[in-house]
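Trainee: sequence below, structure please.
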Amino acid sequence: QVQPVESGGGSVQAGASLKLSCTASKRTFSTYTVGWFRQAPGKERHFVAGISHDGASVWYSDSVKGRFTISRDNAENTVYLQMNRLKPEETAVYSCAAGPIFGAVQPEHFKVWGRGTQVTVSS
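Mentor: Purely as a prediction, here's the structure:
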């Protein structure tokens with residue numbers, strides 16, 4: 001089973017950038033759609049960005065369009081999330097997930113999840 005592992009979280013000031021990574025050990029990771037989600041304490045999990053298995057298509061939530069970029073390197077079994085101009089309200093645990101559905105944005109459409117990485121943005 002594909003098991004993604006996130007890294008790259010940390011504490012930054014508002015306006016700063018971070019780049020998250022989502023890496024899996026199995027080559028089959030490259031056959032999955034991958035999504036990034038975030039969940040703040042006491043709040044629901046929200047979709048952030050998604051990418052097709054081949055990286056040819058990407059999609060974003062409206063709140064991050066123009067600031068975040070999702071990409072993947074299938075040779076490295078890794079999906080990235082470049083986050084620019086971060087805002088305090090984007091403080092959350094960021095998780096990646098893999099699934100079979102192109103264009104998916106709902107958590108239930110993703111089959112395997114990483115444990116997440118904490119991103120804290122201070123004002």
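Trainee: any idea of the pLDDT on the residue nearest in space to the middle of the chain?
Mentor: Central residue of the chain (Cα atoms, centre = their mean): Trp36, 2.4 Å from the mean position. On pLDDT, Trp36 comes in at 98.
Trainee: do I have it right that Asp5 meets Gly114?
Mentor: No Asp there; residue 5 is Val. Yes - Val5 lies in contact with Gly114 (Cβ atoms under 8 Å); the separation is 5.5 Å. Every residue, glycine included, has its C-beta placed from N, CA and C.
Trainee: give me the phi and psi for Thr28.
Mentor: With angles defined as degrees, to the nearest 10, Thr28 sits at phi -60, psi -10.
Trainee: and for the nearest residue to it once chain neighbours are set aside, the neighbour number?
Mentor: Leaving aside its chain neighbours, Thr28 sits nearest to Val2 (5.8 Å; criterion: Cβ to Cβ, 6 or more residues apart in numbering). Number of residues near Val2 (other Cβ atoms under 10 Å) recorded here: 19.
Trainee: which phi and psi does Val2 have?
Mentor: According to degrees, to the nearest 10, Val2 has phi -70, psi 130.
Trainee: from Val93, how far out is it?
Mentor: Distance, Val2 to Val93, by Cβ to Cβ, to the nearest Å: 20 Å.
Trainee: partner residues bridging Gly50?
Mentor: Per DSSP bridges, the residues bridged to Gly50 are Gly35, Trp59.
Trainee: Ser95 touches His46, doesn't it?
Mentor: No - under the criterion of Cβ under 8 Å, Ser95 is not in contact with His46, lying 10.7 Å apart.
Trainee: what's the overlap in contacts for these two?
Mentor: Residues touching both Ser95 and His46 (Cβ atoms under 8 Å, 6 or more residues apart in numbering): 37-39.
Trainee: give me the pLDDT value at the residue nearest to Thr28.
Mentor: On the pLDDT scale, Val2 gets 80.
Trainee: dump the residue contacts of it.
Mentor: Taking Cβ under 8 Å, 6+ apart, one finds 24-26, 28-29, 32, 98, 112 in contact with Val2.
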